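Participant: Predicted structure and sequence below. I'll ask about it afterward.
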Amino acid sequence: MTIYLFGPLIELLNAETITLTTEVSNTKDLEAKLLSIYPQLKGSGYQLAVNKNIATTKLPLTSSDEIALLAPFSGG
């Protein structure tokens, strides 16, 4: 599973993408896995997006889903 990073998260993790080799079945499991591997994400205020929609609830994941971590942003 490839996870795309944007904004300051690229600098925080020193990468534009993250590749997970372990399977996760939903967004909550994914977030737990990411925080265990990358503890620096805690407190970063990131949002998880699945297929270009911000995930606000626990969603099932498939291998074809497009996953991204979005840095905090404000409108204007």
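Facilitator: All right, it came through fine. Fair warning: this is a prediction, and the values are worked out from it, not measured in the lab.

Participant: name the element the most centrally placed residue in the chain belongs to?
Facilitator: In the chain, the centroid-proximal residue (Cα atoms, centre = their mean) is Leu69; its distance is 3.6 Å. Using DSSP states H and E, Leu69 sits in strand 67-70.

Participant: Same check on Tyr4?
Facilitator: strand 2-5.

Participant: I'd like the distance between the residue lying closest to Ser44 once chain neighbours are set aside and Leu61.
Facilitator: Spatially, and ignoring its direct neighbours in sequence, Ser44 is nearest to Leu12 (6.3 Å; Cβ to Cβ, 6 or more residues apart in numbering). The way it works is simple: take the backbone N, C-alpha and C, and place the C-beta from them, glycine included. For Leu12, the distance to Leu61 (Cβ to Cβ, to the nearest Å) stands at 23 Å.

Participant: cool, and Ser44?
Facilitator: Taken as Cβ to Cβ, the span from Ser44 to Leu61 is 21 Å.

Participant: So between those two, which is more surrounded?
Facilitator: Neighbours were counted for Ser44 and for Leu61 using other Cβ atoms under 10 Å; Leu61 has more, 18 against 15.

Participant: The more buried one contacts Leu20, correct?
Facilitator: No: the criterion here is Cβ atoms under 8 Å, and Leu61 misses it with Leu20 at 10.5 Å.

Participant: For the two, list the residues in contact with both.
Facilitator: Met1, Leu30 (Cβ atoms under 8 Å, 6 or more residues apart in numbering).

Participant: Nearest residue to Glu31 in space, please, no chain neighbours.
Facilitator: Leu48 (6.3 Å).

Participant: So what's the gap between the next helix or strand along the chain from the strand holding Tyr4 and the chain middle?
Facilitator: Next helix or strand after strand 2-5 toward the C-terminus (DSSP H and E): helix 8-13. Relative to its chain's centre, helix 8-13 lies at 12 Å (Cα atoms, centre = their mean, to the nearest Å).
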